[in-house]
Structure formats: structure tokens, C-alpha cells
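Participant: Mind looking at a prediction? Sequence and model below.
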Amino acid sequence: MYAGIEKSRIGCNLHGALQTVMGIAGVVPIVHSTPGCAIQQFYAAWAGGILSPYWSGFETPASNVYEKQIIFGGASRLREQMKNTVKVFHGDLYVVLSGCEAEMVGDDSSSMTAELAEQGVSVICYESAGFKGDVYRGYAGVVDAIFSQLPAVSSLSGKTEKNLVNILGLIPGQDLCWQGNLQEIQRILGSLGVQVNTLFGYGQTIADWKRAYQAELTIVLSQWGLKAAETLRSTYGIPYVEAYGAFLGEEETALFVHKIAALLSLDTEKIKPYLRGEKERFIHALRQLTEYYVTYPYQKEWVMVGDAGTIRRYGTFLNRVLGFSLKRAIVTDAPAGEETPEPSEDLAALAEHISFSKDSGEIAALIADSKAGLVLGSGLEQDVARRLGIPHLIVSYPSEAAVILNRCDVGYTGALTVLEQVSNLIIAHERCTAR
């Protein structure tokens with residue numbers, strides 16, 4: 001028997017798919033489900049740092065099926081909604097997303113979509129019932145669906161572009177700094193002469209998704225990008241490399257750059273000046289931090305709450321650079337297909353204790369039991385941190401109404417941002433408690 005979850009921080013499969021397609025300019029979602037599914041995703045997006053610049057939950061096309069369609073089937077209602085959506089909204093690609101009720105009564109959304117595609121409309125379907133999984137699986141599923149179905153409704157070029165790479169696994173909205181992180185990755189690799197196809201965010205359209213089939217390499221930043229990367233490799237021969245958790249700080253970023261450079265056969269001599277310059281910039285920042293480091297108690301025992309990738313990123317950086325000791329890591333995205341999760345070796349090496357939980361009550365108890373002096377997590381951990389009298393920094397979803405437009409927590413720029421945030425948090429807390 002399953003136990004209830006207190007204050008769940010993760011939406012359903014449909015929500016994950018919807019927020020993913022909303023991160024691509026020119027893509028029009030069509031939700032085939034009961035009233036409220038799309039609007040719930042809209043409200044959840046408020047906790048993800050930024051709302052979609054392309055769609056509001058109030059205008060998302062939806063079939064809004066009621067009892068009649070549940071009893072007699074909603075295929076005709078979906079057909080009507082698709083026809084009306086194409087008339088009202090111009091799109092480079094339409095994505096039909098079916099919800100729980102539509103799939104429980106056996107509506108054949110794929111066949112309805114195929115009918116529209118036969119009329120020359122670029123449209124695909126992803127069966128995204130919420131009971132099939134959570135937000136992470138929604139992202140993984142819809143991205144794979146786009147790559148699998150797009151060639152059937154669009155014309156593609158088969159020519160490989162030299163030094164073009166795709167980025168997969170960074171989930172819009174679920175990663176609070178997804179826009180800034182993609183831009184930082186683009187900045188770093190672009191400085192080496194690599195063309196970066198981020199697929200989401202500013203300037204990214206279906207044209208970039210069509211171009212993805214011409215890439216020389218796919219970079220997978222979390223397990224949730226692996227399914228689509230496998231599709232690109234098996235069908236189009238595009239190899240992929242795993243870089244779970246991305247990278248944060250001078251050391252980890254340099255290792256990442258060398259790995260990509262080797263896979264793309266880049267001239268390593270031309271890379272050295274760039275890496276040297278970034279290292280000098282990072283050291284310059286650390287020198288400015290020295291007096292604060294010896295004056296205030298930086299070497300904290302801490303707890304981290306978030307998805308596995310974010311924990312890897314922050315855990316590696318703060319433990320190595322600031323001498324932190326990660327007492328407990330609480331992972332909120334259990335590995336796909338595992339009933340009893342086991343942490344990976346690199347994750348287990350970062351913390352004394354690893355827990356897997358999505359229950360806010362259980363997470364609060366684990367934080368209190370750790371006796372740690374610092375919490376990095378979501379907005380849901382604010383209450384327990386306040387109760388324990390320890391500083392708390394929001395770095396994972398949900399953020400609870402924080403606006404994040406360009407902040408990043410990967411690479412070189414992200415390292416400086418994290419150093420600033422953590423330093424200001426520790427200093428403010430110490431000054432407050434000293435009064």
C-alpha cells in the first residue's frame with residue numbers, strides 16, 4: 001500500500017510535457033484532458049522561477065472534456081479542438097498531449113493526430129497521462145516523441161554539421177536556472193568554436209530541433225535526456241556523452257571542456273588560453289573572498305535537497321572549494337525504473353548519508369536529524385530551517401515565487417554566483433545571530 005506524500009514538489013507527466021513544449025518558440029500545445037490540467041501547470045510554473053514567454057495557462061488550447069466525453073469518448077472533441085487551434089494559432093509544430101481521463105477511456109489521440117498530419121499540418125502526439133509518471137518522465141517522453149515523430153511531418157537535412165552539439169537533460173522550469181545555465185554552456189563551448197543547440201530558451205525554435213539531426217554530438221546533462229539521446233544515436237548515428245549534473249567551478253568545467261574537445265577533435269592548443277583566462281578570473285574572485293573566509297565560519301556541515309544533478313553540482317563544488325561537509329543529500333528525483341533507489345558512486349561519495357524522498361514532512365525530519373548548520377534546497381525547506389535557526393538558500397524547485405531570468409549555477413559564471421550567494425547568506429546569518 002502506498003503512503004501519502006506531504007506537500008509534493010513534483011507535478012505529473014502531463015505537466016512535465018506541457019512545460020517542456022512551452023519552452024520552445026513556435027510550438028503550440030493542445031491538451032486533451034479535463035478542465036484544469038493546463039491551468040494547474042500554469043500555477044506550478046510560478047514556483048519554477050519564470051513563466052513561459054510564449055504561453056499562459058489561461059490561453060493554452062485544451063479540449064476540456066466533461067462527463068459526456070468520458071462516457072461516450074472524446075475523440076470527436078479532440079478533432080474539433082485541433083481544427084480550431086490550427087485556425088486560431090499559427091504554429092511551426094503542434095503537439096497533442098493527452099491526459100489521464102482521455103487515456104483511461106481509450107481515446108486514440110495518436111490516430112486523431114495522424115488525421116490532421118495527413119492534411120499537411122505539422123503535428124505530433126505524446127500520450128502524457130499523469131498516472132504514467134512525474135514531471136521528469138514528462139520531459140523525457142515528450143522530447144523523445146518530438147525527435148521520433150518530427151521527421152514524418154517536416155523536411156530535414158541529412159548533412160552533419162561540424163562541431164554542432166545538442167544539449168539534453170536540462171528541464172525547463174524544473175531546473176530553476178535553466179535559461180542562464182543553457183546560456184553559460186553556450187558561452188563556454190562557443191568560445192571554443194563549438195556550435196551549441198540548446199533547443200530551449202531564447203532564440204530556440206523548431207528550426208533548431210530540425211538542425212539537431214545534423215549534430216556531431218549530443219551532451220546529456222541528466223538521466224532524463226538519455227531516452228532522446230538514445231533515439232538520436234540509434235536512428236541517426238549521433239553519439240552522445242553523459243555529463244550528469246553538468247559542471248560548476250573552474251576544475252569541473254575544465255574537465256568538461258577537455259572531454260568535449262577530445263570527442264570533437266578540437267585543437268587543444270587553442271583551448272589552453274581560454275581555460276587559462278577563466279582560471280585566472282576564478283582565482284581572482286577567490287582572493288577577494290579570503291578575508292571573509294577566515295573571518296566567518298565558512299566550513300559548514302550542510303544538507304542538500306534537490307534532484308540528483310543539482311546535488312552533484314553543488315556538492316562537488318562546495319565541498320572542494322569552500323571545505324563544506326555534506327552531512328546528508330536528499331534526492332527528489334528517484335532514478336527511472338527503480339523501486340528501491342540506490343545512489344550512484346559519485347553521488348554517494350559526496351555525502352555521509354543519501355536519502356530519496358519527495359515527502360516534505362519526511363525531508364524536514366531528515367534535515368532536523370542531520371544537525372547540519374546550513375540547508376540548500378527548495379522553498380519548502382524554509383520553515384524547518386527557520387525553526388532550527390540555520391541559514392537556508394533556495395537552489396532547487398519549487399522556489400516559491402522567485403523570479404529568475406538569467407541567473408546560472410553552472411560553469412565559471414555560475415561558480416561566482418554561488419560563491420556570492422553562499423557568502424552573503426553565511427555573513428548575514430552570523431551578523432544577525434551576533435546582535
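Facilitator: Nice, thanks for sending it over. Numbers count the residues shown, from 1 in each chain.
Participant: what residue is smack in the middle of the protein?
Facilitator: Among the residues of the chain, residue 171 comes closest to the average C-alpha position under Cα atoms, centre = their mean, at 2.1 Å.
Participant: what's near enough to touch the closest residue in space to it that isn't next to it in sequence?
Facilitator: Nearest residue to residue 171 in three dimensions, chain neighbours excluded: residue 139, at 4.7 Å (Cβ to Cβ, 6 or more residues apart in numbering). No exception for glycine: its C-beta is placed from N, CA and C like everyone else's. Counting by Cβ atoms under 8 Å, 6 or more residues apart in numbering, residue 139 makes contact with 16-17, 19-20, 171-172, 174, 224.
Participant: Pretty sure residue 135 sits against residue 9.
Facilitator: No. Using Cβ atoms under 8 Å, residue 135 is not in contact with residue 9; the gap is 9.5 Å.
Participant: What pLDDT does the model give the closest residue to residue 26 other than its chain neighbours?
Facilitator: Nearest residue to residue 26, sequence neighbours excluded (Cβ to Cβ, 6+ apart): residue 92, at 3.7 Å. At residue 92 the predicted local distance difference test score is 94.
Participant: One more: residue 23?
Facilitator: What the model reports as pLDDT for residue 23 is 89.
Participant: pretty sure it contacts residue 172?
Facilitator: Yes. Applying Cβ under 8 Å, one finds residue 23 in contact with residue 172, separated by 3.7 Å.
Participant: Can you tell me the element the residue nearest to residue 171 falls in?
Facilitator: Residue 139 is part of helix 135-153, with elements assigned from DSSP states H and E.
Participant: What is the helix or strand just after that helix packed up against?
Facilitator: The first helix or strand that comes after helix 135-153 along the chain, using DSSP H and E, is strand 164-168. When contacts are defined as 3 or more Cβ pairs under 8 Å, 6 or more residues apart in numbering; DSSP states H and E, strand 164-168 sits against helix 178-190, strand 195-197, strand 217-220, helix 226-236.
Participant: chain center to strand 164-168, what's the gap?
Facilitator: Here strand 164-168 is found 15 Å from its chain centre; the criterion is Cα atoms, centre = their mean, to the nearest Å.
Participant: in it, what counts as buried?
Facilitator: The neighbour-count criterion (16 or more other Cβ atoms under 10 Å) identifies 164-168 as the buried residues of strand 164-168.
Participant: can you list these in a markdown table and add pLDDT?
Facilitator: Listed next are the buried residues of strand 164-168 as a markdown table, based on pLDDT from 0 to 100:
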| residue | pLDDT |
| --- | --- |
| 164 | 97 |
| 165 | 98 |
| 166 | 98 |
| 167 | 97 |
| 168 | 97 |
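Participant: and residue 422, what is it in contact with?
Facilitator: 318, 322, 393.
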